[in-house]
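> curious how this folds, go ahead:
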Amino acid sequence: MANLSFIIFCPLVAAVLIALLPRTFNVLFRAVALLATGLSLLGAVRVFAGFDSAATGLQFEQHFRWVDALGIGYHVGVDGLNVGLVLMAALVAFAAVCVSREIRERQQFYYILVLAMAGGILGAFASFDLFLFYFFHELALVPTFILIGVWGRGAQRDYATFKLTLYLSLGALVALIGLIALYVQAGQTSFNLLHLTRHLALNPIAPGTQSWIFGLLLFGFGILVSLWPFHTWAPLGYAAAPTAAAMLHAGVLKKFGLYGLIRIALPLLPAGAQSWMNVLALLCLGNILYCGLVALRQRDLNHLLGNSSVAHMGFAFLGIASLSVLGVTGAVVVMVAHGLLAALSFALSGFLYHRLGTLEMDQMGGLLQRLPFVGGVMVMAMFAGCGLPGFANFPGEALVLFGAWESYRTITVLACWGALVIAAVYMLRAVRTIWHGPPLDRWKDLVDAPNLWVKLPYALLLAGLLVFGCFPRLLTDPMQPVVSQIVQRVQGETATP
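From the prediction side, this is the model:
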C-alpha cells in the first residue's frame, strides 16, 4: 500500500477493529489506538523526510477510479503545500490518543470516534479529489459533535455542543454549495482537482460568477475556521470539549477551511479572489484585535486559549488576503505552527483540569513549584503564542506581516499591535497568575507528569514548535514552487485586461 494510504487508513482500520472487540477490553482499545496513530506518525515522518523539494508535481501519489459515472476517484498525494500539514496532523493525532488516559467511560466508542476523526483529517489534507476532500472532512467533523456532547465538561456543555454543531454544519453546507457550483460552472465531469485546475486555466469561469462562488467558499470555509464575526462557537466549544477533541479540532481540523481557500478557491477562482480580498483583510482584523481583547478579559484558561486560537487564525487569513508569495507562505507556516501550539496548549490545560478540577486562573497560583515539567512546557507554549523567536509561530507571523505590508499597511500595523502587545499582555498575565507567586496550600499534593510516557506527547509537540521555529526552511522551501504558482495565477488574472 502506498505511504499516504497507509497513513490515512491506519486509524480508520483500527476504529473498525476496536468496534469488533468485546466491550470489556478497555486496555486493548487504547493499545490499538496508540499503535495505529503511532504507525501513521511514523509514515508521515517518512513522507516528510523523503519529500524531494527540488521535484515538481505530486509525490507519494496514488490515483484510481471510484465512481466513473460522477467522475469521482481516489486521488491522494503531497506537494510542498500539504506535506507539512500531513505531518502536523499525524503528530497531533498521536498526542491526542496519548493524553486520552483520562477517559474512563465508554472507552470503546470514544476511541472509535477519535480514530475516525484522525483518519478523516489526514484524508482531507492528502486528497486531490473534491468529493473525497469534502467526504473526509465530514468524516472528521461528525465525531467532534459527539465527543463534546458525550464526554464534554462544564455547565454549558449542551449549549456549546448545539452551537458548535449549528455553526459548523452551516459552514460545511455553504462550502458544499460553493464546491458544487464550482464543479457545475466548470462544465467538467470530473472532481479531480488537477483536471479542474488545467481545465479552468484554459477555460476560466466568468469573473462575475467567480465572485459569488468565491464568496460562498470564503464564508463557508471561513465559518469552519472561526472567521470573525462567525467565531463565537470556537472558544465555547473548546472550553467544553474533552482534551483530545479540542486538540484535534482546534489544532488540525480547523485548518481545513484555510487549506481549502489556498488549494481550491485561489487557483480556480482567481478573479473572484481579487474581488473579496479587501473584505477578508478587514474581517481578519476582527480575529486579531477583537478576539485578542476578549482574551484579555478571560479568567478561565480554556476560554483564554480558545480566543487566542481564533486570534491566531486572523494572521493566516491576512496572509491569504495579501496574495503575495511571502504572505501565503506565512499563512501555511502559521497553520502548521498553530496546529502544534493549540494541541499542546489544550493538552496541558486538560492535564491541569484533570489534576485541579478547575481551570479558573484566579484559583491557581505558584503551580510551577508543584508542576515543574508541565509548568515549564506551558510557559514555553505561552511564549510561542506571543510569537517569541525560536518557536514556529514567529517565522509564520513575520512572513505574513512582511507579505501584507505592500497591500495593507494600516491593517499590518494594527495586526502588529495585536501580535506584539495584546497577545503578550494576556499570555504573560496568564503565566504570572497560574505559575508564579506563592503556592496555595490547597494544591500542595499535586503530582507532576510522573514518567516519560506521560511527558511524551507534550515533548513531541514542543519539539515540533522548536524544530520548525529554528529551521523554518523545512516548511518554506518545499512549498515555494506551489505557492508561487498559485500567486502568479491570481496576479496574472489581475494583469489580464
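> next SSE after the longest helix anywhere in the chain?
Across the chain, the longest stretch assigned as helix under DSSP state H is helix 325-356. Counting by DSSP states H and E, the next helix or strand C-terminal to helix 325-356 is helix 367-370.
> pick out the residue nearest the middle of the protein.
Nearest to the geometric centre of the chain sits residue 252, at 2.9 Å (Cα atoms, centre = their mean).
> give me the pLDDT value at that one.
Looking at residue 252, its pLDDT is 88.
> tell me the contacts of it?
Listed by Cβ atoms under 8 Å, 6 or more residues apart in numbering, the contact set of residue 252 reads 88, 89, 92, 93, 121, 339, 343. C-beta here means a position set from N, CA and C on the backbone, and glycine is covered the same way.
> among those, which two are most distant?
121 and 343 (11.8 Å; Cβ to Cβ).
> anything in contact with each of these two?
Both residue 121 and residue 343 are in contact with 248, 252, where contact means Cβ under 8 Å, 6+ apart.
> this structure: strands as residue ranges?
Per DSSP state E, the chain has strands spanning 59-67, 72-78. These are given in chain order.
> any idea how far the closest residue in space to residue 213 that isn't next to it in sequence lies from residue 131?
Excluding its sequence neighbours, the residue lying closest to residue 213 (Cβ to Cβ, 6 or more residues apart in numbering) is residue 181, at 4.9 Å. In this view, residue 181 and residue 131 are 14 Å apart by Cβ to Cβ, to the nearest Å.
> check residue 446 too.
For residue 446, the distance to residue 131 equals 50 Å [Cβ to Cβ].
> these two: who's more crowded?
Shown here are residue 446 and residue 131; by other Cβ atoms under 10 Å, residue 131 has more neighbours (21 against 16).
> let me know the pLDDT of the more buried one.
So, for residue 131, pLDDT stands at 88.
> surely it touches residue 123?
No: contact criterion Cβ atoms under 8 Å: residue 131 and residue 123 do not qualify, at 11.7 Å.
> which ones are touching the closest residue in space to residue 375 that isn't next to it in sequence?
Nearest non-adjacent residue to residue 375, counting by Cβ to Cβ, 6+ apart: residue 368, 3.9 Å away. With Cβ under 8 Å, 6+ apart as the criterion, the residues that contact residue 368 are 375, 376, 379, 435, 436.
> residues contacting residue 448?
Contacts of residue 448 (Cβ under 8 Å, 6+ apart): 370, 371, 372, 373, 374.
> give me the phi and psi angles of the nearest residue to it once chain neighbours are set aside.
Closest residue to residue 448 apart from its sequence neighbours, by Cβ to Cβ, 6+ apart: residue 371 at 4.7 Å. The phi/psi pair for residue 371 (degrees, to the nearest 10) reads phi -130, psi 70.
> please report how far residue 371 lies from residue 10.
From residue 371 across to residue 10, the span is 33 Å (Cβ to Cβ).
> could you do residue 63 as well?
Using Cβ to Cβ, residue 63 is found at 20 Å from residue 10.
> ok, residue 131 next?
As for residue 131, its distance to residue 10 is 22 Å (criterion: Cβ to Cβ).
> which of the strands of the chain has the lowest mean pLDDT?
Among the strands of the chain, strand 59-67 scores lowest, with a mean of 84.
> what angle do it and strand 72-78 make?
Between strand 59-67 and strand 72-78, the angle comes out at 170 degrees (axes from the mean of the first three to the mean of the last three Cα atoms, to 10 degrees).
> residue ranges in the protein under the pLDDT threshold?
Applying pLDDT under 70 to the chain flags the ranges 1-2, 188-189, 493-497.
> try 50 this time
1, 494-497 (pLDDT under 50).
> and which of the contacts of residue 252 is nearest to residue 299?
residue 343 (23.2 Å).
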